[in-house]
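> Compute the structure for the input listed below.
(one chain, ligands or ions: 1)
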Amino acid sequence: MSNNISNNERTSLQGLWSSRITFILAVTGSAIGLGNIWKFPYVAGDNGGGAFVLIYLICIFIIGFPIMVSEILIGRRGRRNPITSMKLLGEEETGNGSWKIVGFVGLLAGFLILSYYSVIAGWTMHYFVLSISGAFNEMNSEQVNFIFNELTGSITTQAIFHTLFMISTVIIIAKGIKNGLEKAVKLMMPALLIILFILLIYSVTQGDFTRGVEFLLKPDFSKITGDSILAAMGQAFFTLSLGMGCIVMYGAYLPNNESIVRTTVTIILCDTLIALLAGLVIFPIVFDNNLTPTEGPGLIFLTLPLAFADINGGLAFGALFFILLTFAAITSAISLLEPSVAWMIEQLNVSRKVSAIAIGFLIWSLGFLTILSFNDLADFTFWKGTIFDNFDYLSSNILLPISGMLFTIFASWFMTKSSSQSELNDISPIAYNIWRILAGVVAPIGVLIVFFNAINLF
Ligand code: PHE
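Predicted coordinates for the structure are as follows:
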């Protein structure tokens, strides 16, 4: 495309992506992570399977899609971190800078999410080490269970890997957008996909594939409650990295002449494919080993080692899988950290390095509350469960949907039509209007219905 789609004249302070492909890779890297492979299967398992998955898919397409377009659009127009972009655009479009609060809510959610995300990514790194040392050789279900309990029982082991993971994330962020990030994603995402396909072959041939598929894809609506619908929506926000400003942030680095809508479609399809694949891999193994789908956050750590123990050459294979998952987690963690780091750089005028270390340190400290949720503080429960459970519930199911909804309301109702249309003018006027209806009416109403339903207002 030779002419610019957007007539935006503001430029990003942190540079731009080198091409459309790198933007797609970066956002896909943000979207695909522990949310697809660790979280999706266990949340689906906890919420009864098929009907949950159906609602999740509906949320992805009618809520997630328009909101992602809105967030990229806001980012590209604002060209700053999410808070400043909302302030600038709020002032420009409505004369009111308080819209920046939406950016704050998102950043807060990012803080909470990264604090536990890093701990779980640490588990993944630990499983990588265990796999190469041959620990899973010929193991049965009880032994795998024992190893997992040993890990979650140990504050030290979790702390070590949580620290390693946070340090890696901080280093990449400190180096800036182009050097670390772009190269990493290009290689790792396709590799992860290939391994998932190989694991799928294992599940089809060795696992209880029929029961697995039935559980995942056959809707049983009797299992659906207000809270499980909320969980499905929360998962849709979480997996697409919506509502916390990282998509706004990445949009700020998107060149003017790239199509937002086409890019979004690609990203969403990749993310959904990976989550479904992960489910198709995990559940046949669950049923084949007489495990239950409701194992909670330990689900993949209790099932996948069994597959690796069973496959010829599974050791190398397991190691490869866990290292790739760690990388997938890093490309998401970076996107969780980048908005607050960019905010600190632009606001307080400190260097990228200082800002990455300071914020990384805060989040790292917060992570200890999650580590303790699995051992010393496991009995300290309130509201939705342990501290970890509450962090997760509050951020995914409440904060992300609220700020995602406000981002999309802003883009569709408060931005002038000429501004939003100039960001989306590669699509036909009809398509543009469809986006406005989805973003301004369907998505916000959807979010509200799910909220009210969860607090039993209906
Ligand atoms: N989408 C990421 C995943 O699925 C997690 C994430 C959530 C990243 C919110 C950024 C913002 O793993």
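> What residues does the stretch 301-450 of the chain have near the ligand?
Residues of the stretch 301-450 of the chain lying close to the ligand (CB under 6 Å from any ligand atom) are 332, 335-336. Placement of C-beta: from N, CA and C, glycine included.
> Tell me how far H162 lies from the ligand.
Distance, H162 to the ligand, using CB to the nearest ligand atom, to the nearest Å: 16 Å.
> ok, the residues of the stretch 301-450 of the chain next to the ligand vs K175, which is closest?
S335 (14.8 Å; CB to CB).
> How about that closest one, nearest residue that isn't a chain neighbour?
Closest residue to S335 apart from its sequence neighbours, by CB to CB, 6 or more residues apart in numbering: S30 at 3.6 Å.
> Kindly export the helix or strand hosting that neighbour (C-alpha atoms) in PDB.
Following DSSP states H and E, one finds S30 within helix 20-31. Extracted in PDB, the C-alpha atoms of helix 20-31 (Å, rounded to 0.1, in the frame of the first residue of the first chain):
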ATOM      1  CA  ARG A  20       3.700  -5.400   9.600                       C
ATOM      2  CA  ILE A  21       5.000  -8.900  10.100                       C
ATOM      3  CA  THR A  22       7.000  -7.900  13.200                       C
ATOM      4  CA  PHE A  23       4.000  -6.200  14.600                       C
ATOM      5  CA  ILE A  24       1.900  -9.300  14.100                       C
ATOM      6  CA  LEU A  25       4.600 -11.400  15.600                       C
ATOM      7  CA  ALA A  26       4.900  -9.200  18.600                       C
ATOM      8  CA  VAL A  27       1.200  -9.000  19.300                       C
ATOM      9  CA  THR A  28       0.900 -12.700  18.600                       C
ATOM     10  CA  GLY A  29       3.800 -13.200  21.000                       C
ATOM     11  CA  SER A  30       2.000 -11.200  23.600                       C
ATOM     12  CA  ALA A  31      -1.300 -13.000  23.000                       C
END
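> Could you list the residues in contact with that helix?
17, 181-182, 184-186, 188-189, 239-241, 246-247, 250, 253-255, 258-259, 263, 266-268, 270-271, 328, 331-332, 334-335 (CB atoms under 8 Å, 6 or more residues apart in numbering).
> Need the buried ones from those selected in ChimeraX.
Only the buried members of the contacts of helix 20-31 end up in this ChimeraX selection, burial being decided by 16 or more other CB atoms under 10 Å:
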select :17,181,182,184,185,188,189,239,240,241,246,247,250,253,254,255,258,259,263,267,268,270,271,328,331,332,334,335
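> Mark which of the contacts of helix 20-31 are part of helices, please.
184-186, 188-189, 239, 246-247, 250, 263, 266-268, 270-271, 328, 331-332, 334-335 (DSSP state H).
> Can you find the helix or strand of this protein with the lowest average pLDDT?
One helix or strand of the chain scores below all others by mean pLDDT, DSSP states H and E: helix 183-206, with a mean of 84.
> Does at least one residue of whichever helix or strand comes after the helix holding S30 sit close to the ligand?
Later in the chain than helix 20-31, the nearest helix or strand by DSSP H and E is helix 34. Yes. Using CB under 6 Å from any ligand atom, helix 34 reaches the ligand at L34.
> quick one: average pLDDT of helix 34?
In this model, helix 34 has an average pLDDT of 97.
> Show me what it is packed up against.
Here helix 34 touches helix 100-132, helix 314-348, going by 3 or more CB pairs under 8 Å, 6 or more residues apart in numbering; DSSP states H and E.
> Can you flag the weakest of the ones you listed by average pLDDT?
helix 314-348 (a mean of 89).
> ok, the residue in the stretch 101-250 of the chain positioned nearest to the ligand - contacts?
Scanning the stretch 101-250 of the chain for the residue nearest the ligand gives S241, at 3.5 Å (criterion: CB to the nearest ligand atom). By CB under 8 Å, 6+ apart, the contact set of S241 is 27, 30-31, 247, 332, 335.
> Reformat those residues as CSV; add distance to L108.
Putting the contacts of S241 into CSV (distance: CB to CB, whole Å) gives the following:
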residue, distance to L108
V27, 21
S30, 18
A31, 20
I247, 16
S332, 18
S335, 16
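> mind saving the C-alpha coords of stretch 226-240 as PDB?
This file holds the C-alpha atoms of stretch 226-240, laid out as PDB (Å, rounded to 0.1, in the frame of the first residue of the first chain):
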ATOM      1  CA  GLY A 226     -22.900 -16.900  35.900                       C
ATOM      2  CA  ASP A 227     -19.400 -17.300  37.200                       C
ATOM      3  CA  SER A 228     -18.300 -19.700  34.500                       C
ATOM      4  CA  ILE A 229     -19.600 -17.200  31.800                       C
ATOM      5  CA  LEU A 230     -17.500 -14.600  33.500                       C
ATOM      6  CA  ALA A 231     -14.600 -16.900  33.600                       C
ATOM      7  CA  ALA A 232     -15.000 -17.500  29.800                       C
ATOM      8  CA  MET A 233     -15.000 -13.700  29.100                       C
ATOM      9  CA  GLY A 234     -12.100 -13.100  31.500                       C
ATOM     10  CA  GLN A 235     -10.200 -15.800  29.700                       C
ATOM     11  CA  ALA A 236     -11.000 -14.200  26.300                       C
ATOM     12  CA  PHE A 237      -9.500 -10.900  27.600                       C
ATOM     13  CA  PHE A 238      -6.600 -12.600  29.200                       C
ATOM     14  CA  THR A 239      -5.600 -14.700  26.200                       C
ATOM     15  CA  LEU A 240      -5.800 -11.700  23.700                       C
END
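> in it, what's buried?
226-240.
> Which positions in the stretch 1-150 of the chain make contact with the ligand?
Within the stretch 1-150 of the chain, the residues that sit near the ligand (CB under 6 Å from any ligand atom) are 30-31, 33-36, 113.
> Now with 8 Å, please.
30-36, 38-40, 109-110, 113, 117 (CB under 8 Å from any ligand atom).
> which among those residues gets closest to L280?
F40 (11.1 Å).
> what about the nearest residue to Q347 once chain neighbours are set aside, distance to I224?
Nearest residue to Q347, sequence neighbours excluded (CB to CB, 6+ apart): T84, at 7.4 Å. Here the criterion is CB to CB, to the nearest Å. By it, T84 lies 40 Å from I224.
> All good on my end, thank you.
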